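> Let's see this in three dimensions:
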Amino acid sequence: MKTVKESQIEMIELVLPNDTNILGNLLGGRLMHWIDIAAALTASRHCNNIAVTAEVDKLKFHLPVKLGDIVRLKASVNRAFKTSVEVGVRVEIEDIITGKISHSNSAYLTFVNVDRNTNKPISVPEINPENETEKRRYEQALMRREIRLKEDFSK
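Now for the predicted structure:
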């Protein structure tokens, strides 16, 4: 069994010209790439193994991220299931001039722990939520999983 803190990741990126569109805003695809990397690192750290992206929940862009902004991606395992984990990623923007921090995005991703030789799913360590926030995220992850499974079976 592991704690949430044991696998948390904080990634920091600087938005450079090559990361932006013609309006000077961060490309959505680049942000999705960074989110996937942060989540994959967190899932793999929790599993002590390679974990692969299985699903990304709805991703909404609340604020534009501008050229020169600092992007902080904070990733945590919300819940561990039999062979998968749900990872939550919170994206914050820091204005390099003012230091103001704003919440830009949140995303939930599901990762599957896979055997390196067979590429088949294998079990993941359980997670022990320790504080109220972690416990709330743990419970909400189960609700989101139930919704995902219902949607999968209704297709």
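
> Could you give the number of residues near Leu142?
Counted with other CB atoms under 10 Å, residues neighbouring Leu142 total 13. In this view, the C-beta of every residue, glycine as well, is placed from N, C-alpha and C.

> Actually, Lys58.
Neighbours of Lys58 under the rule other CB under 10 Å: 6.

> So it, which state does it fall into?
Three-state call for Lys58 (DSSP: H, G, I helix; E, B strand; the rest coil): coil.

> What of Pro64?
Per three-state DSSP, Pro64 ends up coil.

> Surely it and Asn21 touch.
No. Applying CB atoms under 8 Å, one finds Pro64 not in contact with Asn21, separated by 9.7 Å.

> buried ones in the lengthiest strand in the chain?
Scanning the chain for the strand with the most residues, using DSSP state E, yields strand 101-113. Using 16 or more other CB atoms under 10 Å as the test for burial, strand 101-113 gives 104-105, 107-113.

> and if you look at stretch 130-138?
134, 137-138.

> Any chance of TSV for these, columns distance to Lys74?
Listed next are these as TSV, based on distance: CB to CB, whole Å:
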residue	distance to Lys74
Glu134	13
Arg137	12
Tyr138	17
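
> any chance of the residues you listed in a markdown table, plus secondary structure?
Converted to a markdown table, the buried residues of stretch 130-138 look like this (three-state DSSP):
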| residue | secondary structure |
| --- | --- |
| Glu134 | helix |
| Arg137 | helix |
| Tyr138 | helix |
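
> in the chain, which spans are helices?
Assigned by DSSP state H, the chain shows helices spanning 28-47, 132-153.

> pLDDT averaged over the shortest one - what is it?
In this model, helix 28-47 carries a mean pLDDT of 97.

> Packing partners of that helix?
strand 9-14, strand 51-56, strand 70-80, strand 84-94, strand 101-113 (3 or more CB pairs under 8 Å, 6 or more residues apart in numbering; DSSP states H and E).

> Which neighbours in the sheet does the longest one have, and how are they oriented?
The strands that strand 101-113 pairs with in its sheet are strand 51-56 (antiparallel), strand 84-94 (antiparallel) (by DSSP bridges).
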